[in-house]
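Engineer: model this:
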Amino acid sequence: SSAYNVRGGNYDENLIYLNGYQIYRPYLLRTGVEENQSLLNPDLTRTLNFYSGGFPVRFGDRMSSVLNATYGVPQADDIKGVARADLLNVGLAVHQSRENWGWSFAARYANPVSFLNRLQTSGDYRPQYSDIQLLFEYQLSHSDRLELLFLYADNTFDLTPRLWKGNFKMGQYDVRGVDIEYSGYQRYAFQTGLTGLKWEKNFSPKSMMLFSMSGFISQENEDRNLAGDIYYVPDAREPWSTREYLKTRSEEVTNRLDLSSFDLKWEFIRHWNNHRLQTGFSFKKNNLRGR
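Structural biologist: Got it, this is the predicted structure:
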């Protein structure tokens, strides 16, 4: 799971920033389904600051914690990178840096289906997570820097159950059971995208100005059309010969959610001794549509 709890708070009480842009957790998909891999890619991360309480007021009003990550392009005149592969994930990250520009690109794919083979409810479970991320930096002058960040993540969950079996004891040698046979389908999916453009101007080593604009989108889908035939098993040692049909339970769900967020921000930051002054303004427009 990529979710975490801090000081007893819920997972959505943790604020996440990536290069100054807020990252939203899924809204609609229920806990336990939307636990995909984190959007933060360690192969691109330059700094990572975690506040477990008492965090600065500029981070907003979440109750539990703030995770502030910054991507950066490592110094590498030639193209360099790293490739990773294991039984659940594959990933690739590539970097290049020149005199006044640089870029980093990363892609990941995960298919943790082997975790689900031993669940009590057997079925066709095919969760798949993938994302691509790009960071481009351009040094306009010795004091001006331009940065472009793009990421897109696609997560699909085909969680169609087929059979659930449970046993219970009524006596030392009296073991009974309940079987549920499912038909239909159960699918979840969500896509996340972020594009951010930032201009940074340094007046001195201790004072700087930032101007950024970003767009964030999240689209979530939940489709479920399931029927479950429930059977009572008087003798769990001979389940197929003694099963008794009880009833059929059906469920049909179609949910859609679209989130779009546009953010415009200007900041001025000044450091002296152990003090920091930060001022500016921000304009944010959120559009949330659920069906």
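Engineer: CA only for contacts and neighbour counts going forward, please
Structural biologist: Noted.
Engineer: ranges for the strands of the stretch 151-291 of the chain?
Structural biologist: All strands of the stretch 151-291 of the chain, identified by DSSP state E, counting those that start in this stretch, fall at 175-204, 207-233, 244-272, 275-290.
Engineer: so which of those strands gets nearest residue 155?
Structural biologist: Residue 155 sits nearest to strand 175-204 of all the strands of the stretch 151-291 of the chain, at 5.4 Å, using C-alpha to C-alpha.
Engineer: Show me what the closest one is packed up against.
Structural biologist: strand 144-169, strand 207-233 (3 or more C-alpha pairs under 8 Å, 6 or more residues apart in numbering; DSSP states H and E).
Engineer: Quick one: list the elements packing against the shortest one.
Structural biologist: So the one you mean is strand 144-169. strand 121-139, strand 175-204.
Engineer: Tell me the neighbouring strands of it, and mark each as parallel or antiparallel.
Structural biologist: strand 121-139 (antiparallel), strand 175-204 (antiparallel) (DSSP bridges).
Engineer: what stretches of the stretch 1-150 of the chain score poorly on pLDDT?
Structural biologist: For the stretch 1-150 of the chain, applying pLDDT under 70 flags the ranges 1-2, 27-36, 114-121.
Engineer: Now with 50, please.
Structural biologist: Applying pLDDT under 50 to the stretch 1-150 of the chain flags no residue at all.
Engineer: how about the strands in it?
Structural biologist: Using DSSP E, counting those that start in this stretch, the strands of the stretch 1-150 of the chain run over 14-18, 21-23, 45-51, 65-71, 80-85, 89-97, 101-110, 121-139, 144-169.
Engineer: returning to that earlier point: the strands paired with strand 144-169: which one's closest to residue 256?
Structural biologist: With C-alpha to C-alpha as the criterion, residue 256 lies closest to strand 175-204 of the strands paired with strand 144-169, at 9.7 Å.
Engineer: Which positions in the closest one come out as buried?
Structural biologist: 176-183, 185-202 (16 or more other C-alpha atoms under 10 Å).
Engineer: Same question for stretch 80-92.
Structural biologist: Buried residues in stretch 80-92 (16+ other C-alpha under 10 Å): 91-92.
Engineer: The closest residue in space to residue 282 that isn't next to it in sequence: neighbour count?
Structural biologist: Spatial nearest neighbour of residue 282, chain neighbours left out: residue 265 (4.2 Å); criterion: C-alpha to C-alpha, 6 or more residues apart in numbering. By other C-alpha atoms under 10 Å, 17 other residues sit near residue 265.
Engineer: do the same with residue 104
Structural biologist: 24.
Engineer: ok, now which ones touch it?
Structural biologist: Residue 104 makes contact with 44, 72-73, 93-96, 134-136, according to C-alpha atoms under 8 Å, 6 or more residues apart in numbering.
Engineer: out of those, who's nearest residue 122?
Structural biologist: residue 93 (35.8 Å).
Engineer: For beta bridges, what are the partners of the nearest residue to residue 16 once chain neighbours are set aside?
Structural biologist: The spatially closest residue to residue 16, leaving aside those adjacent along the chain, is residue 67, at 4.8 Å (C-alpha to C-alpha, 6+ apart). Beta-bridge partners for residue 67, by DSSP bridges, are residue 16, residue 50.
Engineer: residues near residue 230, how many?
Structural biologist: Going by other C-alpha under 10 Å, the residues that sit close to residue 230 add up to 19.
Engineer: Is residue 164 in contact with residue 228, as I believe?
Structural biologist: No: taking contacts as C-alpha atoms under 8 Å, residue 164 lies outside contact range of residue 228: 9.6 Å.
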